[in-house]
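Asks: structure here, sequence nowhere to be found:
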């Protein structure tokens, strides 16, 4: 292109293009710097995020409609079967719940005897996962609740089987959550059998986690259940996280190679529960759902 | 006059909205890594056709919206799309006279540059992602360019939209 001075009227010459690009690149770098360092730009994100919300709903709508169609055209016999299964399941669960109530009362009494702080039940809220793809560089998902429902950054997400992840960006009406399988995610856990504390780190694979800091002579076996230890403060204690899959002891290395399978089915969750831990809300008045 | 202008710009804006929807649409795990950069393709097309109206500034705004909706670093896609628009403006006269195969061939390096910028920023920020996340969109984007090009050209001349 000919770079002459005063021919801004000729087609194809855009005035001050280079300058504008340099300016925008500079602004982008500033934005990224502040975004990466700390969360100064949360309000900006929330503002634009609210504008993107309708788009998420529109993209999510066909999938939701398809599910609804599937649900409402299930045959009667299928429904009856499902009902039977659920009834049986409920019977078993409520039988176990009776025992749990007794145990809980006993636990409270014992704790009183020991002068320990009583454990308060966590409050939970169900959220649905939206069929919207988010960040291509991490394992994340979008849920259909936001700050107006009381969601906050760092809130723990579980499903029926175990821990799913945590909220990394609470928007106004939708939020983004990071799965425990993300390579950037680490989670303090303990072995349920003996209370051995360690950390579970995501591998980037949806069906595998690793425990990089287990010493060679530690008492850990295949099949051990790992539960949250509550040490990090983000996750309340006692929720199942994963089951140890392999343990390879390496005599020449300080740490053994331990992998685990997530307890929650990370790849196919549809609904999750958000935990409001007892310490987050006002301590006494917690409501179970 | 002003209203006329707005109505001519509407199809372009709608195409960007549609592109964003395609970007956040869920795909099966197997073809997910090959999701094309719809917005980059749109920026290339509109910048090539109407560089006076749609150039680096609008590309930057599109990028910011993309960053927010994807939850990536704020400014990452904005910077990359801005550079895509810049390169396209510099060679848009050439691109306009290219026949379609040659034009498609010239889209490839632009998309590769776009992904390289994203990769670079991720590297600086310490975000690791497998290599296929970067190469997949370049390949699928190049292959889909003729389709996008024909569709958008049709849209442009039917609605006389743009400037």
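Replies: Cool, the structure landed. Bear in mind that the values here come from a model prediction, so they are computed numbers and not experimental data.

Asks: using the three-state scheme, assign the spatially most central residue of chain B.
Replies: Against the mean C-alpha coordinate of chain B, by C-alpha atoms, centre = their mean, the closest residue is residue B:40 at 1.3 Å. Under DSSP: H, G, I helix; E, B strand; the rest coil, residue B:40 falls in the helix class.

Asks: now the nearest residue to it once chain neighbours are set aside: phi and psi?
Replies: Leaving out its chain neighbours, the residue that sits closest to residue B:40 by C-beta to C-beta, 6 or more residues apart in numbering or on different chains is residue B:114, at 5.2 Å. (C-beta placed from N, C-alpha, C; glycine too.) Taking degrees, to the nearest 10, you get phi -60, psi -50 for the backbone angles of residue B:114.

Asks: now the residue nearest to the centre of chain B: how far from chain A?
Replies: 13 Å (C-beta to the nearest C-beta, to the nearest Å).

Asks: buried sites along the longest helix along chain B?
Replies: In chain B, assigned by DSSP state H, the helix with the most residues is helix B:132-159. By 16 or more other C-beta atoms under 10 Å in any protein chain shown, the buried positions in helix B:132-159 come out as B:133-134, B:136-142, B:144-145, B:148-149, B:152, B:155-156.

Asks: so what's the gap between it and the chain middle?
Replies: Chain-centre distance of helix B:132-159: 9 Å, with C-alpha atoms, centre = their mean, to the nearest Å.

Asks: pretty sure residue B:112 is touching residue B:138, no?
Replies: Yes: the criterion here is C-beta atoms under 8 Å, and residue B:112 meets it with residue B:138 at 5.2 Å.

Asks: give me the helices and strands touching the lowest-mean-pLDDT helix or strand in chain B, please.
Replies: Of all helical and strand segments in chain B, the minimum by mean pLDDT, DSSP states H and E falls on helix B:2-24, at a mean of 81. Secondary-structure packing of helix B:2-24 (3 or more C-beta pairs under 8 Å, 6 or more residues apart in numbering or on different chains; DSSP states H and E): helix A:42-72, helix B:38-49, helix B:56-70, helix B:132-159.

Asks: pick out the shakiest of those, pLDDT-wise.
Replies: Across the helices and strands packed on helix B:2-24, helix A:42-72 has the smallest mean pLDDT, namely a mean of 80.

Asks: now whichever helix or strand comes after it: buried residues?
Replies: Sequence-wise, the next helix or strand downstream of helix A:42-72 (DSSP states H and E) is helix A:76-114. Of all the residues in helix A:76-114, not one is buried under the rule 16+ other C-beta under 10 Å.

Asks: ok, the helix or strand bottoming out on mean pLDDT in chain A near chain B or not?
Replies: The helix or strand of chain A with the poorest confidence is helix A:42-72; it has a mean of 80 (mean pLDDT, DSSP H and E). Yes: applying C-beta under 8 Å from any C-beta of the partner chain, one finds helix A:42-72 in contact with chain B at A:44, A:45, A:48, A:49, A:51, A:52, A:55, A:56, A:58, A:59, A:63.

Asks: give me the buried positions along that helix.
Replies: A:42, A:45, A:46, A:48, A:49, A:52, A:53, A:55, A:56, A:59, A:60.

Asks: ditto for stretch A:223-237
Replies: For stretch A:223-237, burial by neighbour count (16+ other C-beta under 10 Å) applies to A:224, A:225, A:226, A:227, A:228, A:229, A:230, A:234, A:235, A:236.

Asks: residue A:164 should be in a strand, yeah?
Replies: Yes: counting by three-state DSSP, residue A:164 is part of a strand.

Asks: about what we covered before: residue contacts, the residue nearest to the centre of chain B?
Replies: Counting by C-beta atoms under 8 Å, 6 or more residues apart in numbering or on different chains, residue B:40 touches B:80, B:81, B:84, B:110, B:111, B:114, B:141.

Asks: count the neighbours of residue B:46 for me.
Replies: 25 (other C-beta atoms under 10 Å in any protein chain shown).

Asks: oops, could you answer that again for residue B:47 instead?
Replies: Using other C-beta under 10 Å, residue B:47 has 26 neighbouring residues.

Asks: chain neighbours aside, what residue packs nearest to it?
Replies: residue B:88 (4.3 Å).

Asks: show me which positions of whatever helix or strand the one you found lives in end up buried.
Replies: Residue B:88 belongs to helix B:76-97 when assigned by DSSP H and E. Neighbour counts over helix B:76-97 (16+ other C-beta under 10 Å) mark B:76-90, B:92, B:95 as buried.

Asks: what of stretch A:170-184?
Replies: Using 16+ other C-beta under 10 Å as the test for burial, stretch A:170-184 gives A:170-171, A:173-183.

Asks: those also near chain B: which ones?
Replies: A:176, A:183.

Asks: and residue A:230, how far from residue B:29?
Replies: Note on residue A:230: its distance to residue B:29, by C-beta to C-beta, to the nearest Å, is 33 Å.

Asks: can you list contacts of the least confident helix or strand of chain B?
Replies: Under the criterion C-beta under 8 Å, 6+ apart, residues A:52, A:55-56, A:58-59, A:132-134, B:35, B:37-39, B:41-42, B:46, B:53-54, B:62, B:65-66, B:69-70, B:152, B:155-156, B:159-163 lie in contact with helix B:2-24.

Asks: so what does the closest residue to residue A:191 other than its chain neighbours look like in phi/psi?
Replies: Spatial nearest neighbour of residue A:191, chain neighbours left out: residue A:224 (5.1 Å); criterion: C-beta to C-beta, 6+ apart. With angles defined as degrees, to the nearest 10, residue A:224 sits at phi -70, psi 140.

Asks: got any ranges where the stretch 1-150 of chain A has weak pLDDT?
Replies: A:1-15, A:38-40, A:116-121, A:134 (pLDDT under 70).

Asks: near chain B, which residues of it show up?
Replies: Counting by C-beta under 8 Å from any C-beta, the stretch 1-150 of chain A comes close to chain B at A:1, A:12, A:14, A:17-18, A:20-21, A:24-25, A:27-32, A:35-36, A:41, A:44-45, A:48-49, A:51-52, A:55-56, A:58-59, A:63, A:131-138, A:140.

Asks: re the thing from before, looking at the buried residues of helix B:132-159, spot the one nearest chain A.
Replies: Of all those, residue B:133 has the smallest distance to chain A: 5.7 Å, by C-beta to the nearest C-beta.

Asks: which residues does the closest one contact?
Replies: Contacts of residue B:133 by C-beta under 8 Å, 6+ apart are A:136, A:137, B:33.

Asks: what's the closest of those residues to residue A:153?
Replies: The nearest member of those to residue A:153, counting by C-beta to C-beta, is residue A:137 at 19.0 Å.

Asks: how is chain A carved up into domains?
Replies: A:17-73, A:79-119, A:123-278 (automatic domain parsing).

Asks: please name the nearest non-neighbouring residue to the spatially most central residue of chain A.
Replies: In chain A, the centroid-proximal residue (C-alpha atoms, centre = their mean) is residue A:165; its distance is 2.1 Å. In this structure, residue A:165 finds its nearest non-sequential neighbour in residue A:179, 4.3 Å apart by C-beta to C-beta, 6+ apart.

Asks: that's all I had, so thanks and see you.
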